[in-house]
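1. give me the fold of what follows.
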Amino acid sequence: MSRKRWGAAVVAGALLTGLSVAVPAAQAHDHRGGNAVRTVGYYTQWSQADRGIPARYLVENGSAAKLTHLNYAFGLLDEQGGCVSSDPRADYQRLYSAEESVSGKADKPGQALAGNLNQLKQLKQKFPRLRVYISLGGWIGSAYFSNAALTPQSRAAHVKSCIDLWLKGNLPGAPAGAAKGVFDGIDLDWEWPSTEGNVGNVVRPEDKQNFTKLLREYRTQLNKQGAKDRRVYDLTAFLPANREAMDRGYEMAEVYKLLTFATVQGYDYHGAWERTSNQQSALRVPEGDPTTPKDSGEIVVDAYLERGAPRHKITLGVPYFGRGWTGLPNQNNGLFQQSTGPAPGSYEAGYEDYRTLKPLLAGGKFKLYRDDKAGHAYLFDGTTFWNYDDPTELKRKGKFIRDRKLGGAMIWALDGDTPQGELTKALDAGLRRR
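-> Numbering: from 1, shown residues only. The predicted model follows:
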């Protein structure tokens, strides 16, 4: 049975029995026919404005054809917990030229929907099996999730506002329902329940229980809306690598029952917020790692399995960016050395997209090092160190996901790949035994 027809039957049954049910997603539809592990890619609100990467880039470099899901990041919450657009111009007002647009046709003044959402709509028309979600929150957008989840009334109001804005498509200043049909579900990126994330986040001890209650409210309202629209709306969440955050913030077994699937943090294990250079996304702990507790993809996946997460719902995150340090001594090829601070980055100190890091090798100053046992790569020029995933490491991670029988891979973020789409191609090859 197809996902759409099967899901409609589930929703109808749930409404008749009064139950709120999760939609299992052991497998994800592959654009090329048949079933395969899912490949989830984040495309950001600022990809075009800050990086000059429109959604059309994903078509031209071949990434879109290899995705099963795309998460659009981010929608935000106001202080009361209501869903809002943080940048209406980027989301649904900016007019795209023919050269920028997915369809190859220029937007026209006065059309009902423009901006990134219209480009996502065109992307779905080109790839009908692609499921697109609105992602809510993120590192700097999680300040008020605790307020939204606090009471039955706040939870109901929050979910209603998000469904109205993003699924019904009722955008402020636009015709009613202008964005309806763009999104197939909602992705919650609350970073993190009961655990401090970004400075200024509202954090409460009861966030752990309230997160579960919030998911139940989402399921109830999504099922009802899905029955009206004769379709299934999915519910996913981004979950942390930190084990303390896992235990403080999530009733894990219940959370996974309610989610279609979860994306799991597979990067940012280390970064320039620490003075010691290290790996940020290795599959296994490198020999000589001085930190405690240890972090790696293998450790994080095992931690979720130990807490009751089903393998087919674990979608491991992979980075299309690197973490960097500078002011290092010329020892141990820069690994595990004391820095003077973060390496300069184009958008953030200590952070750089892969498509910008790759050309460093061509200059001859940086040298590439690789740890095949641990599964990570890094660049070093005698003083500056970048840890990143290149095509070799992405293919390795795809194979790890396949061998461990996990649900798939999640990419942060698609705008970090090259015009040739080499990272997505390598990841796809690992996932599909190529």
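2. end to end on stretch 271-280, go ahead and measure it.
-> 6 Å (CA to CA, to the nearest Å).
3. what secondary structure does E196 sit in?
-> Under DSSP: H, G, I helix; E, B strand; the rest coil, the three-state class of E196 is coil.
4. so what pLDDT did A28 get?
-> Note for A28: predicted pLDDT of 39.
5. oh sorry, the question was meant for S2
-> So S2 comes in at 28 (pLDDT).
6. please apply the same query to G13.
-> Turning to G13, the model gives it a pLDDT of 34.
7. and H69, by the same measure?
-> Note for H69: predicted pLDDT of 98.
8. for it, give the beta-bridge partners.
-> When bridges are called by DSSP bridges, H69 pairs up with V40, R131.
9. so T236 lies in a strand, does it not?
-> Yes - counting by three-state DSSP, T236 falls inside a strand.
10. now it: closest residue in space, sequence neighbours ignored.
-> Sequence neighbours aside, D187 is the residue nearest to T236 in space, at 4.6 Å (criterion: CB to CB, 6 or more residues apart in numbering). Yep, even glycine has a C-beta here, placed from its N, CA and C like the rest.
11. I'd like the average pLDDT over the helix or strand that contains that neighbour.
-> Assessed by DSSP states H and E, D187 sits inside strand 185-189. If you average the pLDDT over strand 185-189, you get 98.
12. then stretch 324-335?
-> For stretch 324-335, the mean confidence score works out to 98.
13. going by neighbour count, list what's buried in that stretch.
-> By neighbour count with 16 or more other CB atoms under 10 Å, stretch 324-335 contains the buried residues 324-328, 333-335.
14. ok, stretch 199-211 next?
-> Applying 16+ other CB under 10 Å to stretch 199-211 flags 201, 203, 207-211 as buried.
15. which other helices and strands contact the longest helix seen in the chain?
-> Secondary structure assigned by DSSP state H gives helix 207-229 as the longest helix of the chain. Packing partners of helix 207-229 (3 or more CB pairs under 8 Å, 6 or more residues apart in numbering; DSSP states H and E): helix 3-17, helix 145-148, helix 152-162, strand 185-189, strand 234-239, helix 243-249, helix 252-258.
16. partners of the fifth one, with directions?
-> It refers to strand 234-239. strand 185-189 (parallel), strand 261-264 (parallel).
17. what angle separates it from helix 207-229?
-> On the basis of axes from the mean of the first three to the mean of the last three CA atoms, to 10 degrees, strand 234-239 is oriented at 160 degrees to helix 207-229.
18. list the buried residues in strand 234-239.
-> 234-239.
19. L120: what's it in contact with?
-> 43, 55, 70, 72, 132, 182 (CB atoms under 8 Å, 6 or more residues apart in numbering).
20. for L368, helix, strand, or coil?
-> Secondary structure assignment for L368 (three-state DSSP): strand.
21. list the buried residues of stretch 220-239.
-> Of the residues in stretch 220-239, 220-227, 232-239 count as buried by neighbour count, 16+ other CB under 10 Å.
22. apart from its neighbours in sequence, what residue is nearest L215?
-> L258 (4.1 Å).
23. so that neighbour makes contact with R219?
-> Yes - with contact defined as CB atoms under 8 Å, L258 reaches R219; the gap is 5.7 Å.
24. neighbour-wise, which of the two wins?
-> Neighbour totals were compared for L258 and R219, and R219 leads with 23 against 20 (other CB atoms under 10 Å).
25. please tell me I have it right and the more buried one contacts L235.
-> Yes - judged on CB under 8 Å, R219 makes contact with L235 at a distance of 6.4 Å.
26. the stretch 51-200 of the chain: helices as residue ranges?
-> Assigned helices in the stretch 51-200 of the chain, in chain order: 56-60, 88, 115-126, 145-148, 152-162 (criterion: DSSP state H, counting those that start in this stretch).
27. for R307, find the nearest of those helices.
-> Across these, R307 has its closest neighbour in helix 145-148 (21.0 Å, CB to CB).
28. and G249, what is it in contact with?
-> G249 neighbours (CB under 8 Å, 6+ apart): 192-195, 207-208, 211, 240.
29. what's the closest of those to K121?
-> F211 (30.7 Å).
30. ok, K358 touching P419?
-> No - contact criterion CB under 8 Å: K358 and P419 do not qualify, at 11.0 Å.
31. ok, now how distant is L76 from V199?
-> 16 Å (CB to CB, to the nearest Å).
32. before we move on, what about D184?
-> 33 Å.
33. same check, this time on G421
-> If you go by CB to CB, the gap between G421 and V199 works out to 36 Å.
34. do A179 as well
-> 32 Å.
35. check F336 too.
-> 28 Å.
36. then V159?
-> 27 Å.
37. quick revisit: which of the helices and strands packed on helix 207-229 sits closest to C83?
-> helix 152-162 (3.9 Å).
38. circling back to that earlier point, just the CA trace of the strand holding D187, in CSV.
-> Listed next in CSV are the C-alpha coordinates belonging to strand 185-189 (Å, rounded to 0.1, in the frame of the first residue of the first chain):
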residue,chain,number,x,y,z
GLY,A,185,4.6,18.0,8.0
ILE,A,186,6.3,19.8,10.9
ASP,A,187,9.8,19.3,12.3
LEU,A,188,10.5,20.4,15.8
ASP,A,189,14.0,21.7,16.5
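39. centre of the chain versus it, how much separation?
-> Taking CA atoms, centre = their mean, to the nearest Å, the mean C-alpha location of strand 185-189 is offset from the chain mean by 9 Å.
40. and it, which residues are buried?
-> For strand 185-189, a neighbour-count test (16+ other CB under 10 Å) marks 185-189 as buried.
41. and which of those is nearest Q280?
-> Q280 lies nearest to D189 out of those, by CB to CB, at 18.7 Å.
42. what is the burial count for the closest residue to the closest one other than its chain neighbours?
-> Spatial nearest neighbour of D189, excluding adjacent residues (CB to CB, 6+ apart): G137 at 4.0 Å. Each residue near G137 was counted by other CB under 10 Å, and the total is 26.
43. can you count the residues close to Q45?
-> Neighbour count for Q45, taken as other CB under 10 Å: 21.
44. and it, what's its pLDDT?
-> Looking at Q45, its pLDDT stands at 98.
45. once you drop chain neighbours, what's closest to it?
-> A90 (5.1 Å).
46. now swap in Q265 and tell me
-> Closest to Q265 by CB to CB, 6+ apart is A241, at 4.0 Å.
47. is that neighbour in contact with Q280, as I believe?
-> No - applying CB under 8 Å as the test, A241 and Q280 come out as separate, 10.5 Å apart.
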